[in-house]
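In: model the following, please.
(2 chains)
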Amino acid sequence: MSSNVQSVVSQPYKYGFVTDIESDSLPRGLSEDVVRAISAKKEEPPFMLDFRLKAYRRWLTLSEPTWPNVKYPKIDYNNIVYYSAPKQAEKKLGSLDEVDPTLLETFDKLGISINEQKRLANVAVDVVFDSVSIATTFKKDLAKHGIIFCSISEAVKEHPDLIKKYLGTVVPVSDNYFAALNSAVFSDGSFVYIPKGVKCPMDLSTYFRMNNGDTGQFERTLIVAEEGSSVTYLEGCTAPMYDTNQLHAAIVELVALDNAEIKYSTVQNWFAGDENGKGGIYNFVTKRGLCKGANSKISWTQVETGSAITWKYPSCVLVGDNSVGEFYSVALTNHYQQADTGTKMVHVGKNTRSTIISKGISAGKSKNSYRGLVQVNPKAEGARNYSQCDSMLLGDTSNANTFPYIQVQNSTAQVEHEASTSKIGEDQLFYFAQRGISPEDAVSMIISGFCRDVFNELPMEFAAEADKLLSLKLENSVG
Amino acid sequence: MINENAKTILSVRNLHASVEGTEILRGLNFEVKAGEIHAIMGLNGSGKSTFSKVLAGHPDYEVTAGEVIFKGQNLLELEPHERANAGIFLAFQYPLEIPGVSNRDFLRVAYNAHRKANDEEEIDVFDFDDLVEERAGVVKMDVSFLDRSVNEGFSGGEKKRNEILQMALLKPLLSILDETDSGLDIDALKTVSGGVNQLSSPDNATVLITHYQRLLNYVVPDYVHVMCGGHIIKTGGKELALELESRGYDWLTAKEAVA
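Out: Below is the predicted model:
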C-alpha cells in the first residue's frame, strides 16, 4: 500500500457500449423550424407547439448561468442534434412484443427488463432511448387503478387537459436557461397521474439511455398526485462512452395535492468522461416539486455518480400548510468530474417542514459542491428546516465546497444547518487492514457508512444497486 | 508459559526501520515461541510502538534491513491485511473511530476475511451474531456497543475493551498489545487483563508493550525486555519489571549510552 490515498483509478464504465441501430434524426442545430419539426414529428396539438415556441423565443433572450462552481468550454447549441429516434419506434407500438429486438437486447444488457414476465420487484418501467419512449410496462395493470403511466408524448395527445393544466406550472418556461431550452425541444419522458385516494400499487420508473453521440437528451417528466394519493418513482440513466461531450437538459415537475405524497429517487450514472476528463455528459437538470396541497409531501433522493458536469437542484416549493419537503443526496465525483448540486426548499405555507441531507464524496481531481437555499417566506409561520451537509475527501487533490444560502423572513421559523468535512485517513485504512480487511473493502464500507442516511431512503433494490455502484466507482481508489 | 520445545512463532533479526528518513529501529532482535507472554518496556521514543507498527505493516514505516519470520514465512512480503489474516493482531494504543460503520458489521467483515484467508467458509449474519454476543462476554461488553459505530463516542476504556473483543473474535496467533493499559481505570484494567489471560493458550503468544509495571500484575509475562534506542538492551524475567519500577530506566540507559 503506498503512503497516500490518492491514486484514483476507476472501474471501467460498463454501460459505455453503443447500440448499432438505424435512427431518424433531425439535422444539427436549433431554430424555430427545428422546434416546429419536433412538434410535427410528435404530431402534437397546437397548444403544445405554442408552448415550445414561447419557450424557444424566451431562450433566445436568456444567457447560460455562470454562477455554478464548474468550468467547461462554451457549448455550441447549433452543433447538437435535437431529435433522434430509432427507426422502428416511429411505428405505433401496439405491444411490447413489437419492440425492436436490438433495443430489448440493449436494455437487457443494462439490466433493465422490459419483459413483463420477468417482472422484477414490482416495478413498472418506461424506457426512453435517445429522444423517444420505446416501451412502458404494466400500463394496463395500472390503468385498472385509474393510474396513468405513459410517455409524455403520448400524454400530450391522449390527456391534453392534464398536460395543459400542469405542464410548466412548477418550472415555468422562463425559469432558467436550460429550462427554457428543454421546454422548447423536449422530446420524451414520462407522465404519471395518480387519481384521488389511490396508493400506487407498484413503483414506477423511467430508464433513460442516450445512444447517439451527437444527440442531446431533453426529457421531460411530469408527475401529478391527486388528493390523498401516493407514488414512488425511480429514475435511472446511462450513456455510451464518447470522446465528445453530450448535453442532457431535463425538467422534472412534481405536483402533490392535499395529503398526497411523492417519493422520487434517482440513480444517475451517465458517462462521466475518462480518467483524463475527456468526454462525458453535461447534465443540466431542473427538478422541482410543488407541495400544492395541505399536508402534502415530496421527497427527493438522488445518487449522483456520473456525468462530467452536474448542475442540478431538486427543489420543493412548500405552499400547502403543513407540507413537507425532503432532499437526500449522495454525490460522488472522481477524476475530473465537476458537480454543483443541492436543493432549494421554499417555505410558503404555515408549519411547513424541510429536511436536507447531503453527502458529497470527492476523489481524484474532481470538484464537488453543495449549493442549497432554504427560504422562509413572510407568511410561513412555524416553518422548520434541518440541513446537514457532509463532505468526504479521498486523497488530497479533490475539492469539496458547501454553499448554503439561508433567507428567513418570518421570525417564528427554525432553521438548523450542520456541516462537516472528513477525509478517509491512512490510519483508518490501516486499522481496517490490521483486522484483515483489504483497502478496497475498507473504502467501500466507510463510504456506505457515510452514505447510510441517504441509502436508507432509497427503495430496497435501488439501495443495493447504489451501494454497488459507489464501490465500483471507487475501485482501486486506494493504491 | 515457557516451553523450550514449543514452536517459534516470530523471529526478528537485526531489524532496522525508519519513518520519513529517520531511523527508529536499529538492529532489533526478538523471538517469540508458542505459549509465551512477552513484555516490552522502555521510555517514550525508545521504538516500542514503532516495532508493533512495523510488524503490522503500517505504510509510514520503511524496513531498511533485517528480517521478520512469522510462522516460517517472510512477514515483510505480506500486505497489512494479509499479515492480519495470517494471525498477527495489534491492539491499538489509540483505536480509530469509523463513523457510519457499525461495530457488528466491522467485526463480521473482519471475521469473515480471516475465515476466507484460511480457506474456511464465511459465516452468515445469524451465526455471527450468536458468536459475537458470546465473545462480548469475555470483556464484559454490553451488546448494545455492537450496534454503535466502531469506537465512535466510546470512552477510552470502552475502546480498549473493543480491541480485546476483536482479539477474542479473531483468535490471533500473535497478539501485540500497544499500551493497552494506558488510560484505563483499575476496574477496566482488570477486565481487559482478564480477557487477555482468558485468550492466552499454549498455542498462541502475546506481546505487551507498556510503560508501567501495573499491567504486569494482572498479565504475568514470561520475559521482560527493555527497549532503548531502537533495540533491546536487556532481557529478564518478570522480576525485571519490578526492578524497573523501583529503579527507573537510568541505570540501563546510561550503560547503553556508554556502550
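In: residues contacting residue 43?
Out: Since no chain was named, I'll use chain A. Taking Cβ atoms under 8 Å, 6 or more residues apart in numbering or on different chains, we find A:Glu43 in contact with A:Lys157. For every residue, glycine as well, the C-beta is placed using N, CA and C.
In: that was the other one, I meant chain B.
Out: Applying Cβ under 8 Å, 6+ apart to B:Leu43 gives the contacts B:Cys228, B:Tyr249, B:Thr253.
In: run the last query once more with 10 Å
Out: When contacts are counted by Cβ atoms under 10 Å, 6 or more residues apart in numbering or on different chains, B:Leu43 touches B:His211, B:Val226, B:Met227, B:Cys228, B:Gly229, B:Gly248, B:Tyr249, B:Asp250, B:Leu252, B:Thr253.
In: and it, which of the three is it?
Out: Under DSSP: H, G, I helix; E, B strand; the rest coil, B:Leu43 falls in the coil class.
In: ditto for the one 3 residues further on
Out: Using three-state DSSP, the three-state assignment for B:Ser46 comes out as coil.
In: cool, and the one 4 residues further on?
Out: Per three-state DSSP, the secondary structure class of B:Thr50 is helix.
In: what is the nearest of the contacts of B:Leu43 to B:Ala117?
Out: Checking the contacts of B:Leu43 against B:Ala117 by Cβ to Cβ gives B:Met227 as the nearest, at 30.8 Å.
In: would you state the strands of the stretch 351-479 of chain A in chain order?
Out: Along the stretch 351-479 of chain A, counting by DSSP state E, counting those that start in this stretch, strands occupy A:353-362, A:367-376, A:384-393, A:399-408, A:414-423.
In: how far does the third one sit from its chain's centre?
Out: It refers to strand A:384-393. Its chain's C-alpha centre and that of strand A:384-393 lie 20 Å apart, by Cα atoms, centre = their mean, to the nearest Å.
In: so it, near chain B or not?
Out: Yes - looking at strand A:384-393 against chain B by Cβ under 10 Å from any Cβ of the partner chain, the contacts come from A:Asp390, A:Met392.
In: among the strands of the stretch 351-479 of chain A, which is nearest A:Ile446?
Out: strand A:384-393 (8.1 Å).
In: dump the contacts of B:Leu43 into TSV; add secondary structure as well.
Out: Output for the contacts of B:Leu43, formatted as TSV (three-state DSSP):
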residue	secondary structure
B:His211	coil
B:Val226	strand
B:Met227	strand
B:Cys228	strand
B:Gly229	coil
B:Gly248	coil
B:Tyr249	coil
B:Asp250	helix
B:Leu252	helix
B:Thr253	helix
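In: where is pLDDT lowest across these?
Out: Within those, the minimum per-residue pLDDT falls on B:Thr253 (78).
In: distance of it from B:Glu239?
Out: The gap separating B:Thr253 from B:Glu239 is 19 Å, by Cβ to Cβ, to the nearest Å.
In: neighbour-wise, which of these two wins?
Out: Taking neighbours as other Cβ atoms under 10 Å in any protein chain shown, B:Thr253 and B:Glu239 compare with B:Thr253 leading, 17 against 9.
In: residue in the stretch 201-350 of chain A nearest to chain B?
Out: A:Val330 (12.2 Å; Cβ to the nearest Cβ).
In: for A:Ala37, which non-adjacent residue is spatially closest?
Out: Spatial nearest neighbour of A:Ala37, chain neighbours left out: A:Leu26 (5.7 Å); criterion: Cβ to Cβ, 6 or more residues apart in numbering or on different chains.
In: contact partners for that neighbour?
Out: With Cβ under 10 Å, 6+ apart, A:Leu26 has these contacts: A:33-34, A:37-38, A:41, A:81-85, A:131, A:185, A:215.
In: I'd like the strands of the stretch 351-479 of chain A laid out as a markdown table, including mean neighbour count, mean pLDDT and distance to B:Phe51.
Out: Output for the strands of the stretch 351-479 of chain A, formatted as a markdown table (neighbours: other Cβ atoms under 10 Å in any protein chain shown; pLDDT from 0 to 100; distance: least, Cβ to Cβ, whole Å):
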| stretch | mean neighbour count | mean pLDDT | distance to B:Phe51 |
| --- | --- | --- | --- |
| strand A:353-362 | 24 | 95 | 36 |
| strand A:367-376 | 24 | 95 | 40 |
| strand A:384-393 | 21 | 94 | 32 |
| strand A:399-408 | 16 | 94 | 37 |
| strand A:414-423 | 14 | 91 | 28 |
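In: among those strands, which is nearest B:Leu177?
Out: Of all the strands of the stretch 351-479 of chain A, strand A:414-423 sits nearest to B:Leu177, with 28.1 Å by Cβ to Cβ.
In: can I assume the residue of the stretch 201-350 of chain A closest to chain B is in contact with A:Asn456?
Out: No - in this structure, A:Val330 is not within contact of A:Asn456 by Cβ atoms under 10 Å, at 11.4 Å.
In: tell me which of those two has more neighbours.
Out: A:Val330 (27 against 11).
In: strands paired with the helix or strand harbouring that one, and their directions?
Out: Under the criterion of DSSP states H and E, A:Val330 resides in strand A:324-333. Strand A:324-333 sits in its sheet next to strand A:297-304 (parallel), strand A:353-362 (parallel), going by DSSP bridges.
In: now it - C-alpha only, PDB.
Out: Output in PDB follows, covering the C-alpha atoms of strand A:324-333 (Å, rounded to 0.1, in the frame of the first residue of the first chain):
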ATOM      1  CA  VAL A 324     -43.100  18.500   3.900                       C
ATOM      2  CA  GLY A 325     -40.100  18.600   1.600                       C
ATOM      3  CA  GLU A 326     -37.100  16.300   1.800                       C
ATOM      4  CA  PHE A 327     -33.900  16.100  -0.100                       C
ATOM      5  CA  TYR A 328     -31.400  13.200   0.400                       C
ATOM      6  CA  SER A 329     -28.400  13.200  -1.800                       C
ATOM      7  CA  VAL A 330     -25.200  11.400  -2.400                       C
ATOM      8  CA  ALA A 331     -22.900  13.000  -5.000                       C
ATOM      9  CA  LEU A 332     -19.700  11.200  -5.900                       C
ATOM     10  CA  THR A 333     -17.100  12.700  -8.200                       C
END
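In: show me where the chain has helices.
Out: No chain in the question, so chain A it is. Taking DSSP state H, the helices of chain A run over residues A:32-41, A:46-61, A:101-109, A:139-143, A:152-158, A:160-166, A:177-185, A:426-434, A:439-455, A:460-473.
In: try chain B instead
Out: Ranges of helices within chain B are B:48-56, B:80-86, B:103-117, B:125-136, B:156-170, B:186-199, B:239-247, B:250-258, based on DSSP H.
In: next, the angle from the third one to helix B:156-170.
Out: Translated: helix B:103-117. Relative orientation of helix B:103-117 versus helix B:156-170 (axes from the mean of the first three to the mean of the last three Cα atoms, to 10 degrees): 30 degrees.
In: tell me, what residue is most central in chain A?
Out: By Cα atoms, centre = their mean, chain A has its centre lying nearest to A:Thr266, at 5.2 Å.
In: that residue reaches A:Tyr233, doesn't it?
Out: Yes - counting by Cβ under 10 Å, A:Tyr233 is a contact partner of A:Thr266 at 9.2 Å.
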